[in-house]
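A.B. asks: below are the sequence and a predicted model; questions follow.
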Amino acid sequence: MNLEVNLGGIRLANPVVMASGTFGYGFDYQGLINPNEIGAIITKATTLEPWPGNPPPRIAETPSGMLNAIGLENPGIEVFLTEHLPKLRVLGAVVIVNIAGKTLREYVELASILDGTPGVAGIEINISCPNVEMGGMQLGTSPDMVSEVVRAVKEKTCLPVMPKLSPNVTDIVAIAKAAESGGADAISMINTLLGMAVDIETKRPRLRNIFGGLSGPAIKPIALRMVYQVYQAVDIPILGGGGILSAKDAIEFLLVGASAVSIGTGTFVNPRLALDVKEGICEYMERYGHTSLDEVIGAAVRSNAKFGR
Amino acid sequence: MVFLEDAEVLKNVRVADGIYELACRAPQIAGEGKPGQFVHMTVSPHRSTTSSPLLRRPFSFYGVDTEAGTVSILYRIRGLGTSLLAEARPGEHLSMLGPLGTGFTLPLAESPVFPVESSVPPTKSCASPVKNAASPQEKAFSKVEKGVLPAKSTVLLVGGGMGIAPLVYLADSLVDMGCQVEVFYGAETCGELVALERLEQIGANCDVATVDGSAGYKGPVTDLFAFLPPKNAPDMIYSCGPLEMMAHVARFAKERGIPGEVSLESHMACGVGACLGCAVRLKSTDEGYAKVCSDGPVFSIDRLEFEAGEGERNES
């Protein structure tokens, strides 16, 4: 079965992608899931300098989901390039680097460093992390800023660029269009939804950061709705995800217009989920006699148009 | 190597009020699980149809039988996850990921060990079971250089409540290696000393403390240090239990110059070091955080500073 897909210039052998922050740099699940079996790995967000991250507690489980406020802990771009990337290349992974910064200048600098770096297939711009004070989500909630950051990054690199959109906005379509006009090659969506949880015994928020990003099956209906809307509004491919826990969930994302799917929190639940999803997509295509993913991608949007609903 | 196994529940029995012991068949995990390591497991056999609770739960090995291919854990019902786990019946399957984490430092397996049945005298490089004349401090540091603990060491295990679980498997392994194992075992009340019988069967020498005085010494288990003769200092101290207790253990060990290790607890999402959710600041002067799941859960007391970071860790 041919599962190849082109994600804005990033060629994927299959449409299953590991979401940033849930797969580290690809080594933690070694033996359970091999990076060369999946479409691509999006690395943990990388910043110019090392970031220590937020004080604990950083996670809290919620109904059908979890909150996290990791705070983009990472060792910085230098360590990534010298220690992690070479190992990932040996493993044969398609590597998309997620970049984050406190200022526009930092994003631009990261893009110039990554431009032309062997072993990097693309850049995911993190403009949607809800857990850092500067940059992150602030950049991703205004269409003008999104357009500006994408344009600035594109100027410094020939690599495919894909902003990861925040769902914490009133009009996701306006943000997606702004990303496209800024020159984005693809759109990654969705990041986590801002939320909180309270411990009634200690009478305190359960996260030290108070607020955290909600992920897991709880957010899937919202993610699906947003992909559906954005698919109709832009001409660039979408990497869709949010709460995928099975092949069925992933197929729903393809049907509403995602060209590829991102597996995140689901890996914590089932460490082999990405492989199960890949297999499940194959079975689904065989069952319906599809020979190309193009027949599946956006089919639920097209059928609605056809029936005028 | 980490394995993902559909582990068949063999038994899941209540051993005290709200405390359960679960045994599962998981031959790959049992083949490699070391003391202090843990499994990250689903709490419900119906994992494909339910997403609440979503995450796996980490449990340290309470027992591992490599030959039988079984592992056991000890847990107290504390929330939704452990309540559901208590409902698992023999014959049902739970998904187990493991063995995970960094466990306790064990005596060097390749250290010369006395042939038990022969009368050959120990060679010079062997650790003598006879107490030598060196001060406890000198003795400890010469013996446990570079984190290496010789075979036939004298070790002290200090466990409180459910914290006894990893120490039972540790005691089992240490006795097998020829160590002399002393256990200070504390609990709220005598009914919660659920591992006492097993520890005695293993061949560990147990001293007990209970908060209500219903068994052994009445008071905190760390009070038992007062009864430890200064000349009889152990070569190594291992501990797991409430933070306050482990802080006391660490203080005692540092004062006496004895190396020690403690096992920390944390909520976890991935359990393998990928998500950075179980971060812990080991020392207030540290810039970054350690991961309880992969850097730990066992840490040397040298890396930890309980006093300053305690409040922060207590929150989880």
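C.D. replies: Thanks, I have it. Numbering: from 1, shown residues only, chains lettered A, B, ... in the order given.

A.B. asks: chain A: helices as residue ranges?
C.D. replies: A:77-79, A:85-90, A:104-114, A:137-140, A:143-156, A:172-181, A:220-233, A:247-255, A:266-269, A:273-287, A:299-307 (DSSP state H).

A.B. asks: what does the stretch 1-150 of chain B give?
C.D. replies: Assigned by DSSP state H, counting those that start in this stretch, the stretch 1-150 of chain B shows helices spanning B:27-32, B:80-85, B:136-143.

A.B. asks: can you tell me which of these the model trusts least?
C.D. replies: Among these, helix B:136-143 has the lowest mean pLDDT, at a mean of 40.

A.B. asks: returning to what we had before: closest one to chain B among the helices of chain A?
C.D. replies: Nearest of these to chain B, taken as C-beta to the nearest C-beta: helix A:266-269 at 4.7 Å. All C-beta atoms are positioned from the backbone trio N, CA, C, and that covers glycine.

A.B. asks: and the closest residue in space to residue A:165 that isn't next to it in sequence, what pLDDT?
C.D. replies: Distances taken as C-beta to C-beta, 6 or more residues apart in numbering or on different chains place residue A:189 nearest to residue A:165, at 4.4 Å, with adjacent residues excluded. At residue A:189, the model reports a pLDDT of 98.

A.B. asks: once you drop chain neighbours, what's closest to residue A:254?
C.D. replies: Of all residues not flanking residue A:254 in the chain, residue A:296 sits nearest, at 4.9 Å (C-beta to C-beta, 6+ apart).

A.B. asks: show me the contacts for the one you found.
C.D. replies: A:251, A:254, A:255, A:284, A:285, A:290 (C-beta atoms under 8 Å, 6 or more residues apart in numbering or on different chains).

A.B. asks: and if we set it to 7 Å?
C.D. replies: A:254, A:255, A:285, A:290 (C-beta atoms under 7 Å, 6 or more residues apart in numbering or on different chains).

A.B. asks: out of those residues, which are buried?
C.D. replies: Taking 16 or more other C-beta atoms under 10 Å in any protein chain shown as the criterion, what is buried in the contacts of residue A:296 is A:254, A:255, A:285.

A.B. asks: settle this for me: residue A:73 is touching residue A:51, isn't it.
C.D. replies: Yes. Between residue A:73 and residue A:51 there is a contact at 5.8 Å, judged by C-beta atoms under 7 Å.

A.B. asks: wait, what's in contact with residue 236?
C.D. replies: By default, I'm working from chain A. A:8, A:180, A:184, A:185, A:186, A:187.

A.B. asks: let me rephrase: I mean chain B.
C.D. replies: Applying C-beta under 7 Å, 6+ apart, the residues near residue B:236 are B:144, B:149, B:153, B:155, B:258, B:259, B:260.

A.B. asks: quick one: residue B:60 and residue B:168 touch, right?
C.D. replies: No. Residue B:60 is beyond contact range of residue B:168, at 9.5 Å (criterion: C-beta under 7 Å).

A.B. asks: which neighbours do the two share?
C.D. replies: With C-beta under 7 Å, 6+ apart, residue B:60 and residue B:168 have no common neighbours.

A.B. asks: for the stretch 151-300 of chain B, give me the ranges with low pLDDT.
C.D. replies: Applying pLDDT under 70 to the stretch 151-300 of chain B picks out residues B:151.

A.B. asks: residues of it that sit close to chain A?
C.D. replies: B:267, B:269-270, B:272-277, B:279-281, B:287-289 (C-beta under 7 Å from any C-beta of the partner chain).

A.B. asks: now, of the residues you listed, which are buried?
C.D. replies: The buried subset of those - by 16+ other C-beta under 10 Å - is B:267, B:269-270, B:272-277, B:279-281, B:289.

A.B. asks: is residue B:167 in contact with residue B:241, as I believe?
C.D. replies: No. Between residue B:167 and residue B:241 there is no contact under C-beta under 7 Å: 8.8 Å.

A.B. asks: find the residues that touch each one of those two.
C.D. replies: Contacts common to residue B:167 and residue B:241, judged by C-beta under 7 Å, 6+ apart, are residue B:159.

A.B. asks: coming back round to it: the residue nearest to residue A:254 and chain B, how far apart?
C.D. replies: 23 Å (C-beta to the nearest C-beta, to the nearest Å).

A.B. asks: pLDDT at that residue, what is it?
C.D. replies: Reported pLDDT for residue A:296: 97.

A.B. asks: mind listing what residue B:290 touches?
C.D. replies: B:280, B:282, B:296.

A.B. asks: need the buried ones among the contacts of residue A:296 in CSV (columns: pLDDT).
C.D. replies: Listed next are the buried ones among the contacts of residue A:296 as CSV, based on pLDDT from 0 to 100:
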residue, pLDDT
A:254, 98
A:255, 98
A:285, 97
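
A.B. asks: I'd like the residues you listed as JSON lines, with distance to residue B:207 appended.
C.D. replies: JSON lines is the format used below for these (distance: C-beta to C-beta, whole Å):
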{"residue": "A:254", "distance to residue B:207": "62"}
{"residue": "A:255", "distance to residue B:207": "65"}
{"residue": "A:285", "distance to residue B:207": "65"}
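
A.B. asks: which of those sits closest to residue B:103?
C.D. replies: For the buried ones among the contacts of residue A:296, the residue nearest residue B:103 by C-beta to C-beta is residue A:254; the value is 42.6 Å.

A.B. asks: and the residue in the stretch 101-250 of chain B that chain A sits nearest to, how many residues sit next to it?
C.D. replies: Residue of the stretch 101-250 of chain B nearest chain A, by C-beta to the nearest C-beta: residue B:101 (12.1 Å). Applying other C-beta atoms under 10 Å in any protein chain shown, we find 26 residues neighbouring residue B:101.

A.B. asks: related to what we said a few turns ago, pick out the most distant pair among the contacts of residue B:236.
C.D. replies: Among the contacts of residue B:236, B:153 and B:260 lie farthest apart (C-beta to C-beta), at 12.9 Å.

A.B. asks: pretty sure residue A:215 contacts residue A:65?
C.D. replies: Yes. The criterion here is C-beta under 7 Å, and residue A:215 meets it with residue A:65 at 6.1 Å.

A.B. asks: these two - which one has more neighbours?
C.D. replies: In terms of neighbours (other C-beta under 10 Å), residue A:215 is the more surrounded of residue A:215 and residue A:65; the figures are 31 against 25.

A.B. asks: need the pLDDT of that one.
C.D. replies: At residue A:215, pLDDT is 98.

A.B. asks: same question, residue A:139
C.D. replies: So, for residue A:139, pLDDT stands at 78.

A.B. asks: same question for residue A:244.
C.D. replies: Residue A:244 is assigned 97 on the pLDDT scale.

A.B. asks: ramachandran angles for it?
C.D. replies: phi -70, psi 120 (degrees, to the nearest 10).

A.B. asks: quick check: closest non-adjacent residue to residue A:218.
C.D. replies: In space, residue A:218 is closest to residue A:65, 3.5 Å off (C-beta to C-beta, 6+ apart).

A.B. asks: apologies, that question was intended for residue B:177.
C.D. replies: residue B:107 (5.1 Å).

A.B. asks: so that neighbour touches residue B:153, yeah?
C.D. replies: Yes. In this structure residue B:107 lies within contact range of residue B:153 using C-beta under 7 Å: 5.7 Å.

A.B. asks: now list whatever residues contact both of these two.
C.D. replies: residue B:179.

A.B. asks: so what's residue B:263 bridging to?
C.D. replies: Beta-bridge partners recorded for residue B:263 (DSSP bridges): residue B:240, residue B:298.
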